[in-house]
Structures are given as structure tokens and as C-alpha cells.
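Asks: okay, predicted coordinates and the sequence, questions at the end:
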Amino acid sequence: MASSATTCSSVLHLLHNDTSTSSLLSPKGMHLRSSSFSLLSPRRTSSPSPMIQFSPKGFGSGSANPLFVATAEKKKSPFQTEAVRQLTGSVTKTEGFRFAIVIAKFNEIVTRPLMEGALDTFQKYSVREEDVDVVWVPGCFEIGLVAEKLGKSGKYNGIVCIGAVVRGDTTHYEEVANSTASGVLSAGFNSGVPCIFGVLTCENMDQALNRAGGKVGNKGSEAALTAIEMASLFGHHLKE
Ligand SMILES: Nc1c(NC[C@H](O)[C@H](O)[C@H](O)CO)[nH]c(=O)[nH]c1=O
Ligand SMILES: CC(=O)[C@@H](O)COP(=O)(O)O
């Protein structure tokens, strides 16, 4: 009987040995083609990839976990289709895009370097300075409302939400962190404009500073890159 650990490692092993990146992304073994030159586009392959089938194992055989185990099998997909398109945003085509950054003043010692990271990234990816607006709000809790308003204004292709929630003594942290995440998510859904979650939720200041240009990088910079990619996905591929 395979333990969960063995089962999982078998799955990983199978996936690892499959040299086709596209097969990892296409559970039906389809051959997919990329429609853009994004850094995130999977490698194309000309050789057929083995189809990965997932079959339930362990049900009724005494195994505690009804895990799905992958069994790789060389099979020609009935869907031999180079015509299936993969859509992904490009981070290199930023011309004409406008972005807003909504940033919390609370814990500004953390949020300001996050914003600087975001601005650096916009500049690096050729977004013009005049195409970025920065809107300051009192704290993270206020971010969602403002992001939604900006999204609905129709002026922006993406909105980067920046804040830092750092745990204190009470449950306040949970309320602010969860509400902020929900607010940013709702802002995106309600406005139809990608609203990116560049909000740190940390146990202490050290963790926060490490993610605002310290040892762990700059999450503001990552959020800006995500905004560019999403703006491209929407602007270049998902236009109504
Ligand atoms: N504790 C944190 C807050 N709290 C303030 C709230 O975000 C909000 O401004 C206030 O409750 C008024 O509505 N804000 C943060 O950005 N980070 C925190 O750690
Ligand atoms: C979460 C905070 O930073 C702070 O506003 C609340 O801290 P506390 O939980 O100690 O009242």
C-alpha cells in the first residue's frame, strides 16, 4: 500500500521525468501553442507528450487517503491540435497602458519602499512616468474601496494595491488582513480591471522590511510586474 508520501513522490517523479512542459499544463495531453512571447510561456515541443492519466487508487483497499495517482502512458491524444491557443500576458508590450498604485500610509516605513519597487519595475518595463498615478489611503482597510473606484473610472489597465499589515497584540491584524484581501479581490471583480494584491501580511516588522527591499526582495516590484502581465492579458487577449 502506498503511503501518501510515496504516492506524492511518485507523482512528482512522473512529472519530473516528463520532458514536455506543455504536458504539465495540459492535463488532457493536448499540444498547446503559445500566442505571445511572454517570459511565462511554456516551451513549445514538437514531439508528442505522454498523456498523464489520473486514476483513483486506494479506495476500498485500506488506504486512508483517496489520492489520485498519476500513471504516465504513451498515448496519442485524439486532440492533435496545434490550434489550441494559450493566452498569456506579455510583460514586454506595455505601450499605452496606464496604472494606478493605491498605497496605505499605515506602516509607511514598509509601504514606501514597496511603492519605490513598483515604480522601478514600471520604469524598467517601459511604462511612462506620466502613465502611473499614486493614491495614498490611511490604511490597508481603505485600499479596496479606492481601488474599485479607480478601476471603474476606466482610466487604468491595472491597479497595484500596496500595504503592510503587521501583527499586533490583538485580533485586529486578522480583520485588517482578511478585509484587505477581500476588498482588493472585490475591486477587481466589480471593476473588471486587474487589481493586484501587493499587501504584506507579516508576523513582525522584520518580516515586512525583508520583503520591502530587504533579504526576501521587493514584493511591490513583483506586484507591478503582475499588473503589467494582467494588463497585457486583458488588453491584448481578453478584450470585449
Ligand atoms: N493595523 C493595520 C492597519 N490598521 C488600520 C486600518 O487599515 C484602517 O486604516 C483603520 O481601521 C480605519 O479604517 N492598517 C494597515 O495598513 N496595516 C496594519 O497593520
Ligand atoms: C495590527 C496593528 O498593527 C495594530 O493597529 C493593532 O495592534 P494591536 O493588535 O496590538 O491593537
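Replies: All right, it came through fine. Ligands and ions are numbered 1, 2, ... in the order given.
Asks: what does the protein put close to ligand 1?
Replies: By the rule CB under 6 Å from any ligand atom, the part of the chain lying against ligand 1 is 104, 106-107, 138-142, 163-166, 172, 176. (Each C-beta comes from the backbone N, C-alpha and C, glycine too.)
Asks: how about stretch 163-175 and ligand 2, any contact?
Replies: Yes - against ligand 2, stretch 163-175 shows contacts by CB under 6 Å from any ligand atom at Val166, Gly168, Asp169, Thr170, His172, Tyr173.
Asks: ok, stretch 100-112 next?
Replies: No - Stretch 100-112 is not in contact with ligand 2 by CB under 6 Å from any ligand atom; minimum separation 7.3 Å.
Asks: who's in contact with that stretch?
Replies: Around stretch 100-112, the neighbours that count as contacts under CB atoms under 8 Å, 6 or more residues apart in numbering are 114-115, 118-119, 132-140, 142-143, 146-147, 150, 155-156, 158-166, 199-200, 205, 208-209, 212.
Asks: how long is it end to end?
Replies: The first residue of stretch 100-112 is 15 Å away from its last residue (CA to CA, to the nearest Å).
Asks: so Val165 is in which element?
Replies: In the assignment (DSSP states H and E), Val165 maps to strand 158-166.
Asks: what comes up buried for that strand?
Replies: Within strand 158-166, the residues that count as buried by 16 or more other CB atoms under 10 Å are Gly158, Ile159, Val160, Cys161, Ile162, Gly163, Ala164, Val165, Val166.
Asks: what's near enough to touch the third one?
Replies: Shown in contact with Val160 (CB under 8 Å, 6+ apart): Phe99, Ala100, Ile101, Val102, Ala118, Ile196, Gly198, Gly220, Ala223, Ala224, Ala227.
Asks: can we see that at 10 Å?
Replies: Val160 makes contacts with 99-103, 114-115, 118-119, 121-122, 132, 134, 147, 184, 194-198, 220, 222-228, as judged by CB atoms under 10 Å, 6 or more residues apart in numbering.
Asks: so which of those belong to helices?
Replies: In helices, defined here by DSSP state H, the members of those are 114-115, 118-119, 121-122, 147, 184, 220, 222-228.
Asks: what is the nearest of those to ligand 2?
Replies: Checking the ones in helices among the contacts of Val160 against ligand 2 by CB to the nearest ligand atom gives Leu114 as the nearest, at 16.1 Å.
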